[in-house]
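1. Okay, structure incoming, though there's no sequence with it:
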């Protein structure tokens, strides 16, 4: 339902934006109305909106996203290829951000009020405030100026050339990780502080439980649920927010695909890709809900 | 940095003729100046990588007007003539051109021994088919408008085509060049998906063929082994990579990752001036950065307001602000054609700042308290922002209060084509012939597109005459008169032509940049070592 409604919204919004592919193709050339009309007919843009939508949604629900007006390739294949790039970027970022953010947050939470805590919080603040595109650009320029190195230009997937793949992804993942790790650390710290202030912790402490068991077996385990929720949110956020980083590093991912399709008014690609993104967002949220059951025995049936 | 490097004067006299007619009946040797000068030291082999900020949306030369498409497709596809920078249409797939006395029938002898990338031999049937496809408005080609004077194309024998025109067109050879359309195998375009097929295979006759196009990543061309001009091209492979910004191109050149890049802002090449193994070049261009005035839009409907705006703008200052002075201030002709076709700026109206006169004109037009107007800039065109701020400052002196409005390119094109452009910046290029520069843009409808709603009968009559007149001296006089009206009436203010800036690794030799900004020069470039 969510996917259907948002598809309709995307469909209408795309057509509400002035200009269409016909203008893009003709540019400042030929003011010929006949040529315009011919092209509009070719792309089916001369038919009523409801008819265009009905046709598109029927095909989509049958698994056919149509073909790109510029490239002629099936939208499904284009979206899937782009998604693999973005997914790799997002998962690598998520992994790295978790590995860095959670321990830092735990540390700051345990040592609440200490200098370490203050230092971690200061770093977080910078991480949260630095715009991703600025960070990415600085990394790109800095690394190439000082290390005389720059990532390969042409994209290679992990199965094509792993070394190339990793060198391409290092900088974009780093730029995205800074923000997400900082957000993660802040959030984890808050959870830890809250948990450590609870009565059961005081009781366990009084019972003489070792601090390690206290922090990890009890406090962190209880904080796991909100953390997983947060992870889901961050994943969706990364998926939606990679446009800037993909453009900056020339990665052929979903964000870039959607952006260039919007600019070129390639409706089938925009609609197909956004439909796909909505489905993914729904799936991620579903997975998060299912994970709750695993993490919290009380939620099991 | 060296100054202009094109051999400009050499072919100037020919330029005025509009075309050249090599004699001879048998296989004519190729013109040594096709695509640029030939380097006798050139050697075959090698691969180069080219960094570019823009990527073609698709590679179909018949249906994609995007400049990013033309840049690369000229290496794969060919028309009958090559648009030499100096204004000469040099025979390419044609061998010679003979117009009839009344200029309404043109006979083109075709080059022999030309093969398509498909392996098939090119014949007159392919030429007729390709240009018939292009000129039919039902096929939606942006080049159809330029061929509207063509009534019929005949192919009397395998190596001859005859273009029959409804009205004489002295610019016909220059129209049959490489911007839109090309000669492709007969029947290829009949398939509905032929346009997108061209992203996978090239079917032209050009020196390079398509190897692989990966959108949002790379475009790879390889040497056409069957190319009709013996020995050409020199390079084995060319890879175009799409780069995010000019900083990345600078770094790529320094780190030897790319061999050539084109820059739109001179500031960006500063870091390369002293870089080892990198040369920066500056070339005169056929582009124009201008302000267009919709002659039906609000206060602009009054010619006095348009004149006042022109008198209030100091083009030199605008150029300095937006491209650090790396260009040429224009009157009514792009820089690359000024010498052959332009009227000296001193002889044109409304070129010099005159605030008193501007204020008087506004008063006469009834704007005693000045006026408010929106000036449109296009997102992604970096030079427009500083230019807009400068112009807003300049116009404030005559009480024109400018609000700068930024729009996305797709929206801008929509408004432009709908003839609702208002008061806007524009950035466009031309094939080097005055008819191709002016006709579509300024001829009243329906013959022209008249995007600016100018609808000027005298100017339209001159554009018709200019197109029909073959005599170079007469033609020149006609376009001079047209330009004087253009300057007087101000449907557009041509600000400046920005030089094309290229930077290359020194291993890449003999790359001569064409004024259009297209990559013709790669057909004759070679690499050392």
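-> Now that the structure is in, tell me what you want to look at. As the structure is a computational prediction, the values presented were derived from the model and not from experiment.
2. Do you have the helices of chain A handy? List them.
-> A:2-16, A:21-26, A:33-42, A:49-61, A:75-110, A:115-129, A:132-146, A:162-196, A:199-207, A:211-212, A:221-241, A:243-248, A:254-264, A:267-295 (DSSP state H).
3. Could you list the low-pLDDT ranges of the chain?
-> Using chain A here. A:30-32, A:240-241, A:301 (pLDDT under 70).
4. Chain B was what I was after
-> B:1-28.
5. separation between the residue most central in space within it and chain A?
-> Note on chain B: the residue nearest the mean C-alpha position is residue B:430, at 3.2 Å, using Cα atoms, centre = their mean. Remark: distance between residue B:430 and chain A (Cβ to the nearest Cβ, to the nearest Å) = 10 Å. Heads up, the C-betas are built off the backbone N, CA and C, glycines and all.
6. re earlier: make CSV from the helices of chain A and add distance to residue B:261 to it.
-> Formatted as CSV, the helices of chain A follow (distance: least, Cβ to Cβ, whole Å):
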stretch, distance to residue B:261
helix A:2-16, 34
helix A:21-26, 25
helix A:33-42, 33
helix A:49-61, 40
helix A:75-110, 25
helix A:115-129, 33
helix A:132-146, 15
helix A:162-196, 20
helix A:199-207, 61
helix A:211-212, 57
helix A:221-241, 29
helix A:243-248, 17
helix A:254-264, 20
helix A:267-295, 28
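7. burial count for residue B:350?
-> 24 (other Cβ atoms under 10 Å in any protein chain shown).
8. which residues sit in contact with it?
-> The contact partners of residue B:350, taken as Cβ atoms under 8 Å, 6 or more residues apart in numbering or on different chains, are B:307, B:310-311, B:487-488, B:490.
9. How about residue A:192?
-> Applying Cβ under 8 Å, 6+ apart as the definition, the contact partners of residue A:192 turn out to be A:105-106, A:108-110, A:112, A:215, A:219-220, A:223.
10. Equivalent analysis for residue B:102, please.
-> residue B:168.
11. how much space between it and chain A?
-> In terms of Cβ to the nearest Cβ, residue B:102 sits 26 Å off from chain A.
12. picking up where we left off before, just give me the closest of the contacts of residue B:350 to residue A:43.
-> Here the nearest of the contacts of residue B:350 to residue A:43, counting by Cβ to Cβ, is residue B:490; it sits at 37.3 Å.
13. Tell me if I'm right that the closest one and residue B:302 touch.
-> No: judged on Cβ atoms under 8 Å, residue B:490 makes no contact with residue B:302 at a distance of 10.9 Å.
14. Look at those two and report which has more neighbours.
-> Of the pair residue B:490 and residue B:302, residue B:490 is the one with more neighbours under other Cβ under 10 Å, namely 24 against 17.
15. The more buried one and chain A, how far apart?
-> 19 Å.
16. can I get the contacts of residue B:350 in TSV with secondary structure?
-> Listed next are the contacts of residue B:350 as TSV, based on DSSP: H, G, I helix; E, B strand; the rest coil:
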residue	secondary structure
B:307	helix
B:310	helix
B:311	helix
B:487	helix
B:488	helix
B:490	coil
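17. Can you flag the buried ones in these?
-> Listed as buried from those are B:307, B:310-311, B:487, B:490; burial here means 16 or more other Cβ atoms under 10 Å in any protein chain shown.
18. out of these, who's nearest chain A?
-> Taking Cβ to the nearest Cβ as the measure, residue B:490 is the one of the buried ones among the contacts of residue B:350 closest to chain A, at 19.1 Å.
19. So which residues of the stretch 351-500 of chain B form strands?
-> B:371-378, B:400-407, B:423-429, B:492-498, B:500-505 (DSSP state E, counting those that start in this stretch).
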